[in-house]
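Novice: I would like the atomic coordinates for the input below:
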Amino acid sequence: MKQEIQQMPADVFIENHGSVALFTPMTPDAHRWIEEHVEVEPWQRIGGSIACEPRFLDQLVEGMQESGLVVK
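Specialist: Model prediction:
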């Protein structure tokens, strides 16, 4: 019998589209972390997501994970 692996729900979803990346906070903890650690200009907001240059993703993901957020 196979054991099912329980996956933790993501706090933040990341989409890298090459020239632009989107990160979408999914939980209150993720929204708080972004408010406290990321300077977001109004033009970066696309619906519930935030656009950024892909070169910033590694640093963002590292900071989020160090704070205990689950990033997918």
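Novice: now the strands for this protein?
Specialist: Counting by DSSP state E, the chain has strands at residues 12-16, 21-25, 45-46, 49-52.
Novice: dump those to TSV, plus mean neighbour count and mean pLDDT.
Specialist: Yep, even glycine has a C-beta here, placed from its N, CA and C like the rest. Below are the strands of the chain laid out as TSV (neighbours: other C-beta atoms under 10 Å; pLDDT from 0 to 100):
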stretch	mean neighbour count	mean pLDDT
strand 12-16	16	97
strand 21-25	19	97
strand 45-46	11	96
strand 49-52	17	97
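Novice: looking at those, which is nearest to residue 36?
Specialist: In terms of C-beta to C-beta, the element of the strands of the chain nearest to residue 36 is strand 21-25, at 11.9 Å.
Novice: now what about that closest one, what contacts it?
Specialist: Residues from elsewhere that reach strand 21-25, judged by C-beta atoms under 8 Å, 6 or more residues apart in numbering: 11-15, 31, 33-34, 46, 48-54, 56-57, 60.
Novice: who are the neighbours in contact with the residue positioned nearest the centre of the chain?
Specialist: In the chain, the centroid-proximal residue (C-alpha atoms, centre = their mean) is residue 12; its distance is 3.6 Å. Counting by C-beta under 8 Å, 6+ apart, residue 12 makes contact with 23-26, 30, 64, 69-72.
Novice: check the gap between it and residue 46 for me.
Specialist: Taking C-beta to C-beta, to the nearest Å as the measure, residue 12 falls 15 Å from residue 46.
Novice: any regions of this structure where pLDDT drops low?
Specialist: For the chain, the stretches with pLDDT under 70 are 1-6.
Novice: count the neighbours of the closest residue to residue 8 other than its chain neighbours for me.
Specialist: Nearest non-adjacent residue to residue 8, counting by C-beta to C-beta, 6 or more residues apart in numbering: residue 70, 4.8 Å away. A count of nearby residues for residue 70, using other C-beta atoms under 10 Å, gives 16.
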